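sequence first, predicted model second:
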Amino acid sequence: MTPMQAWRDKKVIMSKVEIGRTVKRLAHEIVEKNFGVKDLVIIGIQTRGVHLGRRILKEIIDAGLADGITNIPFGTLDINLYRDDVGTLSSPPQIRETEIAFDIVGKKIVLVDDVIFTGRSIRAALDELMDFGRPRNIQLAVLVDRGHRELPIEPNFTGKKFITSMDEFIDVELEESDGQDRVVLKEKTQ
Amino acid sequence: MQLRQKDLLGIEHLDRKEIELILEAAKPFKSLFTRSIKKVPTLRGKTVVNLFYEPSTRTRTSFEIAAKRLSADVVNIAVSSSSVVKGESLIDTGKTMEAMKADFIVIRHSLAGAPAVLARNLNSSIINAGDGFHEHPTQGLLDLFTIREKKRKIEGLTVLLVGDILHSRVAKSNIWGLIKMGARVRVSGPPTLIPSGIENMGVEVNYNLDEALKGVDVVNILRIQLERQQENLFPSVHEYMELYQMTRERLANARPDVLVMHPGPMNRGIEISSEVADSPAAVINEQVTNGIAVRMAVLYLLSGRFQPNKKTDRGIHE
């Protein structure tokens, strides 16, 4: 979704190489903290969290972190039906696919998103996941933490912390959806 | 992309993009039905009033389930038990519902245009659940959804509507929707039950059902209202069956992969043989399931319209 105001690029805060490196580190941290990949599942939040989640999964397999386990379950989550502001938006957001084709009961879920800001998306994601069952735990991995939390929610795995002002906007661009890999800090034009 | 109006009064007023928006939005709602918890909190705190001036079980139940799966509160008002029988006007009833903070009013009325009257006079979103012989837009949309799901497209298909086109709001909504989506539409039925001048809508008329079925991808069989016979619009039920009942033999005239639809409730053995109704070509029960998904999509898409621009959207990164 494009924000309503006009935005211009202020600064590239992560390059393709840095994103690649960070995804690698996140994959290693996740496996380390969980003592392997037993009972681990990865769920990406639509849409860029899905791309990042897949990359993390691929890294876990490719780097041989999975002890030969190749079928780590992967799911996608669209949180829009669980938002707390649907009635106040001028147009309801487009809903994308939620596909969790496995039982999450007793699983260790790593939830992946591109940016954490107020924490409200994650609140919605947690509520939605609970409707699927009772996981053993839910952990959160994000590429960028831009601060300004409005809820007591913190990521377990953070790619980059970058404190922004409210007039700024973090735009994560990924090859899968945007044709290139970069994270850009944007600011309002007016 | 959003709907341009706060109400859904008819498919006639939608453009192709809006129809596609609704059909796309219905997909994720349908996928909810496979979850153990089929309910999402999206419309928590919203109120949906089902205001039915005509008896209806299927449509009312479908709207009720759709609203409840979105966590809205639902109130059902049936005319026989309401103050309407005490002489209250439609607009006053509507204003009363609005004063009770109804966000949506789903209305069925025997008079064409009744939902439009409410829409003009109220801020609540009005959804037409069937008005006279005019339109039944959510039925039209769920038929389009079902066709698109099964055939992967609508454009270029040939769709035949059979039966009482004259008195059918389902037929009108289907015709508007199908034409806007680029399908070829044919109608067949007794000449007394086909409105004159319907060709002007871009519809082909063929009173001979066997001929009309040739090359058809989808056949939508309308319910024959038996009371029409008393109005002498067709000579006898038996004759109707002879000429227009969809039988297996007759259906063989259509394309081999023809899809058989019926908006329900069916008169088995009258407009449709049991053999056809229970055949693999029939998607009648799926239409019912899809109806809930499509109605959820409509409620969802109309829900953003109450306080436009009250708060600046913050984009998706929260």
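Alright, I've got the coordinates.

buried residues in stretch A:154-167?
Using 16 or more other CB atoms under 10 Å in any protein chain shown as the test for burial, stretch A:154-167 gives A:P155, A:F157, A:T158, A:G159, A:K160, A:F162, A:T164. The C-beta positions use only the backbone N, C-alpha and C, and glycine is treated the same way.

sorry, that was for stretch A:58-72
A:E59, A:I60, A:I61, A:L65, A:A66, A:I72.

and the contacts of it?
Stretch A:58-72 is contacted from outside by A:23-24, A:27-28, A:30-31, A:36-38, A:40-42, A:57, using CB atoms under 8 Å, 6 or more residues apart in numbering or on different chains.

rerun at 7 Å
With CB atoms under 7 Å, 6 or more residues apart in numbering or on different chains as the test, stretch A:58-72 has contacts from A:V23, A:K24, A:A27, A:H28, A:V31, A:G36, A:V37, A:L40, A:V41, A:I42, A:L57.

drop anything exposed from those.
A:V23, A:K24, A:A27, A:H28, A:V31, A:V37, A:L40, A:V41, A:I42, A:L57.

TSV for the residues you listed, including secondary structure and distance to A:V184?
Formatted as TSV, the buried ones among the contacts of stretch A:58-72 follow (DSSP: H, G, I helix; E, B strand; the rest coil; distance: CB to CB, whole Å):
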residue	secondary structure	distance to A:V184
A:V23	helix	17
A:K24	helix	21
A:A27	helix	24
A:H28	helix	26
A:V31	helix	30
A:V37	coil	33
A:L40	strand	31
A:V41	strand	31
A:I42	strand	26
A:L57	helix	25
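
got the buried residues of stretch A:58-72 as a markdown table, with secondary structure columns?
Below are those laid out as a markdown table (DSSP: H, G, I helix; E, B strand; the rest coil):
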| residue | secondary structure |
| --- | --- |
| A:E59 | helix |
| A:I60 | helix |
| A:I61 | helix |
| A:L65 | coil |
| A:A66 | coil |
| A:I72 | coil |
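
which of these lies closest to chain B?
A:I72 (21.9 Å; CB to the nearest CB).

out of the buried ones among the contacts of stretch A:58-72, what pair is the most spread apart?
Pairwise distances across the buried ones among the contacts of stretch A:58-72 peak at 20.1 Å for A:K24 and A:V41 (criterion: CB to CB).

what does chain A put close to chain B?
Neighbours of chain B within chain A, by CB under 7 Å from any CB of the partner chain: A:1, A:3-4, A:78, A:81-82, A:86-92, A:95, A:97-98, A:115, A:117-118, A:120-121, A:131-132, A:169-170.

for the nearest residue to B:I284 once chain neighbours are set aside, give me its contacts.
In space, and not counting its chain neighbours, B:I284 is closest to B:H262: 4.9 Å by CB to CB, 6 or more residues apart in numbering or on different chains. By CB under 7 Å, 6+ apart, the residues touching B:H262 are B:I221, B:I272, B:I284.

could you point out the longest helix in chain B?
Scanning chain B for the longest helix, with DSSP state H as the assignment, gives helix B:284-303.

so what secondary structure elements neighbour it?
Judged by 3 or more CB pairs under 7 Å, 6 or more residues apart in numbering or on different chains; DSSP states H and E, the packing partners of helix B:284-303 are helix B:16-32, helix B:58-69, helix B:137-151.

centre of the chain versus stretch B:261-276, how much separation?
Relative to the chain's own centre, stretch B:261-276 is displaced by 17 Å; criterion: CA atoms, centre = their mean, to the nearest Å.

buried ones in that stretch?
The neighbour-count check on stretch B:261-276 (16+ other CB under 10 Å) flags B:M261, B:H262, B:P263, B:G264, B:M266, B:N267, B:I270, B:E271, B:I272, B:S273, B:V276 as buried.

the strands in chain B, which residues?
Using DSSP state E, the strands found in chain B span residues B:47-52, B:73-78, B:104-109, B:125-131, B:158-162, B:184-188, B:203-205, B:218-221, B:259-261.

same question for chain A.
With DSSP E, the ranges of strands along chain A come out as A:7-14, A:40-45, A:74-77, A:108-116, A:137-145, A:157-161, A:168-173, A:182-188.

any chance of these in JSON lines, plus mean pLDDT?
Formatted as JSON lines, these follow (pLDDT from 0 to 100):
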{"stretch": "strand A:7-14", "mean pLDDT": "94"}
{"stretch": "strand A:40-45", "mean pLDDT": "98"}
{"stretch": "strand A:74-77", "mean pLDDT": "97"}
{"stretch": "strand A:108-116", "mean pLDDT": "98"}
{"stretch": "strand A:137-145", "mean pLDDT": "98"}
{"stretch": "strand A:157-161", "mean pLDDT": "97"}
{"stretch": "strand A:168-173", "mean pLDDT": "95"}
{"stretch": "strand A:182-188", "mean pLDDT": "94"}
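
who in the stretch 1-150 of chain B is up against chain A?
Within the stretch 1-150 of chain B, the positions adjacent to chain A are B:Q2, B:A25, B:P28, B:S31, B:R35, B:I37, B:V40, B:P41, B:T42, B:K46 by CB under 7 Å from any CB.

so of the residues you listed, which two are at opposite extremes in space?
Most distant of these, by CB to CB, are B:Q2 and B:I37, 27.8 Å apart.

so what's the most centrally placed residue in chain A closest to, chain neighbours aside?
Centroid check for chain A by CA atoms, centre = their mean gives A:D113 as the closest residue, at 0.7 Å. Of all residues beyond its chain neighbours, the one nearest A:D113 is A:G49 (4.0 Å), with distances taken as CB to CB, 6+ apart.

please apply the same query to B:E271.
Leaving aside its chain neighbours, B:E271 sits nearest to B:I224 (4.7 Å; criterion: CB to CB, 6+ apart).

find me the pLDDT at B:E242, would you?
pLDDT recorded at B:E242 is 95.

so which of the buried residues of stretch A:154-167 is the closest to B:V74?
Closest approach to B:V74 among those (CB to CB): A:P155, at 38.6 Å.

state the mean pLDDT of stretch B:169-179.
For stretch B:169-179, mean pLDDT is 97.

you'd agree A:F102 is up against A:P73?
Yes. A:F102 lies in contact with A:P73 (CB atoms under 7 Å); the separation is 4.4 Å.

thinking again about what came up before, ChimeraX command for the buried members of the residues of chain A next to chain B?
This is the ChimeraX syntax for the buried subset of the residues of chain A next to chain B, where burial follows 16+ other CB under 10 Å:
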select /A:3,78,81,82,86,87,89,91,92,95,98,115,117,118,120,121,132,169,170
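
A:V50 contacts A:T76, doesn't it?
Yes. Using CB under 7 Å, A:V50 is in contact with A:T76, at 4.9 Å.

so for those two, which sits in the more crowded spot?
A:V50 (27 against 19; other CB atoms under 10 Å in any protein chain shown).

pull up the gap between the residue nearest to the more buried one when sequence neighbours are not counted and chain B, please.
Once flanking residues are discounted, A:V50 sits nearest to A:G44: 3.6 Å by CB to CB, 6+ apart. The gap separating A:G44 from chain B is 14 Å, by CB to the nearest CB, to the nearest Å.

show me the contacts for A:G44.
The contact partners of A:G44, by CB under 7 Å, 6+ apart, come to A:V50, A:L52, A:G53, A:R54, A:T76, A:L77, A:V112.

of the residues of the stretch 1-150 of chain B next to chain A, which is the nearest to B:I165?
Comparing the residues of the stretch 1-150 of chain B next to chain A against B:I165 with CB to CB places B:A25 closest, at 29.0 Å.
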